[in-house]
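Compute the structure for the input listed below.
(4 chains)
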There are 4 protein chains.
Amino acid sequence: MIGGGQGAFIGGVHRIAAQIDGMYELVCGAFSSNPEKSKASGELLGLAPDRVYTSYKELFAQEQQLPEEERVQVISIVTPNHVHFEPAKLALESGFDVILDKPMTFSLEEALALRKVVEQTGKLFCLTHTYTGYPMVKEARQIVASGKLGKIRKVYVEYPQGWLSTFKEGIENKDLKQASWRTDPSQSGIAGAMGDIGTHAFNLAEYVSGLEVTKLCADINIVVEGRQLDDDGAVLLKFDNGASGVLFATQIAAGEENNIKVRVYGEHAGLEWQQADANSLQLKWLDQPTEIYRTGGIYTSSYAQHNTRTPAGHPEGYLEAFANLYRNFALCVQAREAGEQPKPEWLDFPGMEEGVRGMAFIEQVIASGKSDKKWTDFTTKTI
Amino acid sequence: MIGGGQGAFIGGVHRIAAQIDGMYELVCGAFSSNPEKSKASGELLGLAPDRVYTSYKELFAQEQQLPEEERVQVISIVTPNHVHFEPAKLALESGFDVILDKPMTFSLEEALALRKVVEQTGKLFCLTHTYTGYPMVKEARQIVASGKLGKIRKVYVEYPQGWLSTFKEGIENKDLKQASWRTDPSQSGIAGAMGDIGTHAFNLAEYVSGLEVTKLCADINIVVEGRQLDDDGAVLLKFDNGASGVLFATQIAAGEENNIKVRVYGEHAGLEWQQADANSLQLKWLDQPTEIYRTGGIYTSSYAQHNTRTPAGHPEGYLEAFANLYRNFALCVQAREAGEQPKPEWLDFPGMEEGVRGMAFIEQVIASGKSDKKWTDFTTKTI
Amino acid sequence: MIGGGQGAFIGGVHRIAAQIDGMYELVCGAFSSNPEKSKASGELLGLAPDRVYTSYKELFAQEQQLPEEERVQVISIVTPNHVHFEPAKLALESGFDVILDKPMTFSLEEALALRKVVEQTGKLFCLTHTYTGYPMVKEARQIVASGKLGKIRKVYVEYPQGWLSTFKEGIENKDLKQASWRTDPSQSGIAGAMGDIGTHAFNLAEYVSGLEVTKLCADINIVVEGRQLDDDGAVLLKFDNGASGVLFATQIAAGEENNIKVRVYGEHAGLEWQQADANSLQLKWLDQPTEIYRTGGIYTSSYAQHNTRTPAGHPEGYLEAFANLYRNFALCVQAREAGEQPKPEWLDFPGMEEGVRGMAFIEQVIASGKSDKKWTDFTTKTI
Amino acid sequence: MIGGGQGAFIGGVHRIAAQIDGMYELVCGAFSSNPEKSKASGELLGLAPDRVYTSYKELFAQEQQLPEEERVQVISIVTPNHVHFEPAKLALESGFDVILDKPMTFSLEEALALRKVVEQTGKLFCLTHTYTGYPMVKEARQIVASGKLGKIRKVYVEYPQGWLSTFKEGIENKDLKQASWRTDPSQSGIAGAMGDIGTHAFNLAEYVSGLEVTKLCADINIVVEGRQLDDDGAVLLKFDNGASGVLFATQIAAGEENNIKVRVYGEHAGLEWQQADANSLQLKWLDQPTEIYRTGGIYTSSYAQHNTRTPAGHPEGYLEAFANLYRNFALCVQAREAGEQPKPEWLDFPGMEEGVRGMAFIEQVIASGKSDKKWTDFTTKTI
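All right, here's what the predicted structure looks like:
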């Protein structure tokens, strides 16, 4: 693990996600750019001291020396955005499979470069767009793909949070460590809310609908005085099949927690999923009663069932969704080691394409926000 | 009553709304431009045959001849949009108070003209933006006005319907009478969904937030093949205090019923109301538990309580909300007759200003939909 | 109308329920045993002074003198329980149809006597068990009757309120008028909560399930110090087909409003309805997604549709449910006048059998509460 | 781990619960009474072959021989009920701490005997009443304990399931392994549903209310033909402070998943929690808006926060609740090893007293079900 020392939120989440199914063992780490902190974090996590490193470069170099059966196999990178590209590239080139926190890189240019590295090395790569790990999100995608809704006409996706409603930057407080880097352009990149949560919303919309955004029109705002990056935005969308959509993501909706929600409407029916009721998926029909699909339902698809651990009625949450990414990744690694074909259900985790599109979203949504023109074309090429 | 013959949806709703509190008696009507139909409707409603008229002109002329204690006092106009302005103008000029279904007129120009008539005649005028009649919508407005939320930063309003997901125009079917005129430019005006339900959403956003829209950027679509007017749209909004917002209204969200919903966020808290759970209002705090305000709660404002008929836990719905408009209008008429000052709670019904702004919304949202420019200024002046 | 003067809750509700559909006109009343109050109430309601009476006896006697076309047809009795039997009996014997508030009488003995009067006079009789007027309650009954659930095995019904959590009796306060008589044995009868709301729960359970209770085992409590009648109770039930059930009703569940709820389970599926979400009915299947039936859904039964006034998504509430009783009663009266057969949907309102069973429930649930024996047989015969 | 071989539901849950926080390592097991199956399960779980045993006796004997730093510390017992007492007793006597699945034993007599063993050995003991591990259940208990609700008056607890609606016993099917032993008196004991889920409901009611049941009156049923043990029951309760309650648990409520729910009402307010919305706790006030407490809310108690892994809005579910039991147990084991005092939040897991009361509940609820007497005294003494 690269990053994720004490005080970091997402590092702990990655560790739990990896441990839940007993398919990963944490064997080494470079948890902080500060050697003291890295050592302390490693000790707390019960690692052998000689496998707690002071930099990712050291980690890759040393681990490569170890015999194969001892050597780390999968590298999780959970650093702030500006420290994604270099360690990911080096990890892949050093022969490791990589799990990387989103957004993928600092810029679209880096994203395209990283894509080449993955192509060249042939290593496995996962980008942790957690929400696609929920069984009912997978079910939603399968239902759309099955054609039940008919041609898709409209997509609404929203991600309201309230935790940045006040100015927290620079306040010395362990709990606010995230607030600081996420609102700092030198660590986060050109986007704040749009990068942090807008990319999740964008990814969820494309994942469930099976469509690709082709144009967007954005209203991007810095609401809280003194903030340097956007903390709020709304985007009109056009998709490749002619459908339209609305995306909004905000971190200044006071009182909102983390309720990402997606709605997709076709000719015959619509569906709705939201994280606050993560184990339900509503399928709304033009002329029949609404149906509620539930995690664990015996009528659900193989994709939903494969990503469910308990019978219906035992709520599965965010950590299980995250763990599904780790588990599917591990299953694919194991299949490769065994020389076997991974099942389609295992391959269903977000990777490089999602990463490139996410970085393109960040660049173009910010550009659109600054433009007087209504529509900005969406492209995954750099200009 | 002008319009509202057999097969019309909204005419029946107006009648129920008027009857609930026993403050109105239906005494005369011109229910249809077809004399036969008008007679038949009048008979069905138990009216004296000599007070069922074949045109609104005849109605106003004849009723003016009657002694004051027999003569109709308040005229309800529930015709399609293209027959709003003329009867409303004539009714006001003939000395009657007027309740008019929304959207107010066929064009902003007519709206401005009608405003002058109201100013000149001094008669009372109500525009039936029903949703502002809900006790919890009134509570929401009062909470925002009280300053509890702090400065308002963000407004989301949505109005998804699915009933126009298929092409119903021209089908000979009593139940589809509404579909036909609402999608016909010669009866409905330049807008379809934006006029029918977009104006409700716009009005609700301004009513609850207490803000005024100053700019908008619209994506307006005709989704169902063959349709002549928009059946879907999404709009980015800017408000006069610097806040921003998102409005969407659609009639092709298959499986959606009629769930208008508004969310308003300030510095300290946000609130959320939706028609599907009309008797609850969520007040979400940055650092305290969310509070659920309920219709009938003894802690609610005088505005909410005045518009509630039963103790908490007895659901009040759409018809009661509609009836609140009628009741408050009647209370104001009675106060005027009695030479008394109406209470502020009675005056809280939508009128001419809401009507003018609604017509401006229709014109500018359609203009913005056709424009390549991102932002269109919102103005209630005709160009 | 007998009773329902100023300060009474249920009188106003009856009036609204009667007015909503324009099928009733309030023509006379004896609103209070206090002549001054009765006059004042009548004036407020806009009645002709000569048709506001000082007693029900006077009302029946005078109205009988009037020509048939002027004379009142239907008598609504909304007095406290101890003044139900005498006016109802006299009204029926005087040739009027009767709508009576529940519980039907002061004792089972009176109930059985009143049944005879109805049988002898052949007049129409309605007992206002409001909750059976909800479209989704009617749908629930139809679904059970259709056999979709298979044999019914379990029924849960609950009615939690909190408004009697504190001792309010005897406090001089218009708003508490209800608290006073409902907790006074000389006006209410032998039961408090069990009579006031337990009978509603009992009726709802039998109405939806189509079953009849055969045995019960009750725990009846007076929770608030100083109170004279039960304010809380729970009852184990046995039904005539072998199913079992649980009923609870309480008025001391602090914070609860009025959320009556019923669940019925059969071999293949279960259904759930609650007043707090009155326009939804959940149908839960063993091996398929749960279905949500909605008021106004085009797939609903003729019973649900007949009792619905607006399209799906326009919430209908308590007053509309109440009005459905009045409307169906009026349709049956009209049919009789016209010498026509009423439709089955019109006949679906609670009447004498429900009243007798309700009174039997009161007597036996109180008896069971005092008994050391587990099961008490349910009978509609007096001992 | 004792039991929990392939095909067992609860064994896998225990393993995940132990792994989530990285505080446990699975080092040895006796997974099945069938040596082949035990080996196969151990291999699948990646255990060293020499630490997969063919019986718990062998496991304890062998592990005791190992040096302390290698030896297993905590024994999880996840066998069917009839194989709880002997291995638990032997484990404790062999010097191991024990985590035992509920219900604790086969009979109250065994429970009392096991209590003595715990007292004599001084080892740590946890009984996995999972639902008490939810942060919002802990919050509920803290709120009641704080006195905010005033004196408790009423407790409702329910646990509806539908999975035993059909006769599944004896069907050869891995998925139905649970159905078979849970409905078999020789493995499950004298109770079916009452032991399997009734005990959870009973425990939850006592845990949240802080009260103890003193009397009960039960209606216990075998609904599905051919079944040998109860699959349904409802119980009237009396508590030690004079409050009363209702408990029901059923496995034949077709269409219900696993929605355990508890409601507790005091003089001033009531609270409600249900597993289907596990991250919310409703606090309902007599005269203020209802408050929604949420997992991760910064206003929650130290007990809730200690048992929460992610910020508000990241749903935590059943596995996390289960893991909280394991984590708190581990923290107490670590504290003991370190010679430190465990924090009160760590000690808040179910143990021996809960186990004894649960077994007493089973015995007395079944006895009451067979009795003609209304009330049966609750006692933790054997007769």
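
next helix or strand past the helix or strand of chain A with the lowest mean pLDDT?
Least confident helix or strand, chain A: helix A:177-182 with a mean of 71, by mean pLDDT, DSSP states H and E. On the C-terminal side of helix A:177-182, the closest following helix or strand by DSSP states H and E is helix A:185-188.

buried set for that following helix?
residue A:188 (16 or more other Cβ atoms under 10 Å in any protein chain shown). For the C-beta atoms, the positions are set from N, CA and C on the backbone; glycine is no exception.

center of chain A - which residue?
residue A:129 (1.9 Å; Cα atoms, centre = their mean).

low-scoring stretches of chain A, by residue?
Low-confidence segments of chain A (pLDDT under 70): A:171-178, A:383.

before we move on, back to that, the residue nearest to the centre of chain A contacts residue A:203, doesn't it?
Yes: taking contacts as Cβ atoms under 8 Å, residue A:129 lies within contact range of residue A:203: 4.6 Å.

what residues are shared contacts of those two?
Common contact partners of residue A:129 and residue A:203 (Cβ atoms under 8 Å, 6 or more residues apart in numbering or on different chains): A:102, A:350, A:354, A:358.

give me every residue that touches the third one.
Under the criterion of Cβ under 8 Å, 6+ apart, the contact partners of residue A:354 comprise A:127, A:129, A:203, A:206-207.

let's see 10 Å
Shown in contact with residue A:354 (Cβ atoms under 10 Å, 6 or more residues apart in numbering or on different chains): A:102, A:104, A:126-127, A:129, A:132, A:199, A:202-203, A:206-207.

and if you look at the second one?
Going by Cβ under 10 Å, 6+ apart, residue A:350 touches A:102, A:104, A:125-133, A:203, A:207, A:325, A:357-358.

from the residues you listed, which single one is nearest residue A:379?
residue A:357 (10.2 Å; Cβ to Cβ).

Can you tell me the closest non-neighbouring residue to that closest one?
residue A:380 (6.1 Å; Cβ to Cβ, 6 or more residues apart in numbering or on different chains).

Shouldn't that neighbour be within a strand?
No: assignment of residue A:380 by DSSP: H, G, I helix; E, B strand; the rest coil gives coil, placing it outside any strand.

So it is in contact with residue A:352, correct?
No: with contacts counted by Cβ atoms under 10 Å, residue A:380 stays clear of residue A:352, the gap being 11.1 Å.

ok, and the closest non-adjacent residue to the residue of chain A positioned farthest from its centre?
For chain A, the residue at maximal distance from the C-alpha centroid (Cα atoms, centre = their mean) is residue A:287, at 35.9 Å. Nearest residue to residue A:287, sequence neighbours excluded (Cβ to Cβ, 6+ apart): residue C:298, at 5.7 Å.

Dihedrals phi and psi, the one you found?
phi -70, psi -10 (degrees, to the nearest 10).

wait, what's in contact with it?
A:286-288, B:175, C:305, C:311-312.

nearest to residue A:17, of those?
Proximity of these to residue A:17 was ranked by Cβ to Cβ; the top entry is residue A:288 with 37.7 Å.

And for the closest residue to residue A:164 other than its chain neighbours, the neighbour number?
Nearest non-adjacent residue to residue A:164, counting by Cβ to Cβ, 6+ apart: residue A:251, 3.8 Å away. Around residue A:251 there are 27 other residues, counting by other Cβ atoms under 10 Å in any protein chain shown.

for residue A:251, what are its contacts?
Counting by Cβ under 10 Å, 6+ apart, residue A:251 touches A:159-165, A:179, A:182-183, A:192-193, A:196-198, A:223-224, A:227, A:230-233.

Quickly note the distance from residue A:259 to residue A:159.
8 Å (Cβ to Cβ, to the nearest Å).

When these two are compared, which one has more neighbours?
Counted by other Cβ under 10 Å, residue A:259 and residue A:159 do not tie: residue A:159 has more neighbours, with 27 against 17.

Pull the distance from the helix or strand where the more buried one lies to the chain's centre.
For residue A:159, the element it lies in under DSSP H and E is strand A:152-160. What separates the centre of strand A:152-160 from the centre of its chain is 18 Å, taken as Cα atoms, centre = their mean, to the nearest Å.

Between strand B:152-160 and that strand, find me the angle.
150 degrees (axes from the mean of the first three to the mean of the last three Cα atoms, to 10 degrees).

Quickly list the domain ranges of chain A.
When chain A is parsed with automatic domain parsing, its domains come out as A:9-130, A:135-311+A:352-370.

and the shortest one with chain D, contact?
Yes: part of domain A:9-130 sits close enough to chain D to count as contact by Cβ under 10 Å from any Cβ of the partner chain, namely A:9-10, A:12-13, A:15-26, A:45-46, A:130.

Ends of that domain, what's the gap?
The straight-line separation of the ends of domain A:9-130 (Cα to Cα, to the nearest Å) is 14 Å.

So in chain A, which helix runs the longest?
In chain A, taking DSSP state H as the definition, the longest helix is helix A:318-338.

downstream neighbour of that one in the secondary structure list?
Next along from helix A:318-338, by DSSP H and E: helix A:344-347.

Go through that following helix and flag the buried ones.
A:345-346.

Next: stretch A:29-48.
A:29-32, A:38-42, A:45, A:47.

what would those residues look like in JSON lines with distance to residue C:110 and secondary structure?
Listed next are these as JSON lines, based on distance: Cβ to Cβ, whole Å; DSSP: H, G, I helix; E, B strand; the rest coil:
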{"residue": "A:29", "distance to residue C:110": "82", "secondary structure": "strand"}
{"residue": "A:30", "distance to residue C:110": "86", "secondary structure": "strand"}
{"residue": "A:31", "distance to residue C:110": "81", "secondary structure": "coil"}
{"residue": "A:32", "distance to residue C:110": "83", "secondary structure": "coil"}
{"residue": "A:38", "distance to residue C:110": "85", "secondary structure": "helix"}
{"residue": "A:39", "distance to residue C:110": "86", "secondary structure": "helix"}
{"residue": "A:40", "distance to residue C:110": "82", "secondary structure": "helix"}
{"residue": "A:41", "distance to residue C:110": "79", "secondary structure": "helix"}
{"residue": "A:42", "distance to residue C:110": "83", "secondary structure": "helix"}
{"residue": "A:45", "distance to residue C:110": "77", "secondary structure": "coil"}
{"residue": "A:47", "distance to residue C:110": "82", "secondary structure": "coil"}
